[in-house]
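>>> quick one, structure for this:
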Amino acid sequence: MNELAETVHGGAARGAAGAGLAKLVLFFAFAVFTVWIHYQVKFVRAPTWTGTVQALGALRVGARAPDFTTSDLDGHPVSLSGLRDRKAVLLEFWATWCPPCRMLKATLHEMRSELEATGVEVFTVNAGESPDRVRAFVDKAGDDFRTVLDNGRTISVRYGVRTLPTMVLVDRRGTVRWIHVGHLPETGELRDLLHRLAGE
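You can find the predicted model right below:
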């Protein structure tokens, strides 16, 4: 009888110890997860601001826009400096998986006549996806703005882009005139700026 009691007591003790160890492991896992989430939010994930901003990282309104050379979806070479002194350029950074990017594209298509009338070339800069995926999306959506491929996201990094969509307006002299992060529900600000640029 005593042996049975000791066996039962020992099993209960071991069970309690096992439960305590399991709680300790869960607590440690939770602590690690909390630290990881904090790191992701603070250092890795995109910043949460949206709207018109004066800077994206080192990129500043009023500063020279970083030049780049890449290719468009049809394989033709594209460089920002190639349009200098001829046209202003609106860079729209986007991806196929980004719903706000689709909303912004619809807005830009509604503004097409104004963009053309004010001498602004639109480059939709795809952020690092494969040409086949981009082609399928563009063909299905009927997007006829010039699509630029940002292989390896080198252009996005150079422009400090961490949130999609992001737009950067560069004037004919190659100066950054406007930066906007996120969708553009109100277009008045951009329209006013386009007309000011056309008059310069």
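
>>> for Leu169, the count of nearby residues, please.
Leu169 has 22 neighbours, counted by other C-beta atoms under 10 Å. C-beta coordinates here come from the backbone N, C-alpha and C atoms, glycine included.

>>> run through the bridge partners of it.
Residues in a beta bridge with Leu169, per DSSP bridges, are Leu90, Trp178.

>>> so for it, what's the pLDDT?
Note on Leu169: pLDDT of 97.

>>> before we move on, what about Arg86?
85.

>>> for the protein, what spans make up the helices?
Listed in chain order, the helices found in the chain under DSSP state H are 2-39, 99-110, 112-117, 131-141, 154-158, 188-198.

>>> could you give the mean pLDDT of the first one?
Yep, that's helix 2-39 we're talking about. Helix 2-39 comes out at a mean pLDDT of 53.

>>> what sits up against stretch 96-106?
92, 94-95, 124, 126, 129, 133-134, 137, 141, 143, 145, 164-165, 167, 182-184 (C-beta atoms under 8 Å, 6 or more residues apart in numbering).

>>> kindly export that stretch (C-alpha atoms) in CSV.
The C-alpha coordinates for stretch 96-106 follow below in CSV (Å, rounded to 0.1, in the frame of the first residue of the first chain):
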residue,chain,number,x,y,z
THR,A,96,0.6,43.4,-57.6
TRP,A,97,-0.4,42.2,-54.1
CYS,A,98,-1.1,45.8,-52.8
PRO,A,99,-4.9,46.8,-52.9
PRO,A,100,-4.2,50.5,-52.2
CYS,A,101,-1.9,50.4,-55.3
ARG,A,102,-4.8,49.4,-57.4
MET,A,103,-6.9,52.2,-56.0
LEU,A,104,-4.1,54.7,-56.8
LYS,A,105,-3.7,53.4,-60.3
ALA,A,106,-7.4,54.0,-60.9
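
>>> off-centre distance for that stretch?
Once both centres are worked out by C-alpha atoms, centre = their mean, to the nearest Å, stretch 96-106 turns out to sit 11 Å from its chain's centre.

>>> in that stretch, what's buried?
By 16 or more other C-beta atoms under 10 Å, the buried positions in stretch 96-106 come out as 96, 98, 101-102, 104-105.

>>> what does stretch 174-193 give?
For stretch 174-193, burial by neighbour count (16+ other C-beta under 10 Å) applies to 174, 176-184, 190, 193.

>>> now it, how far from the chain's geometric center?
So, by C-alpha atoms, centre = their mean, the centroid of stretch 174-193 is 16 Å from its chain's centroid.
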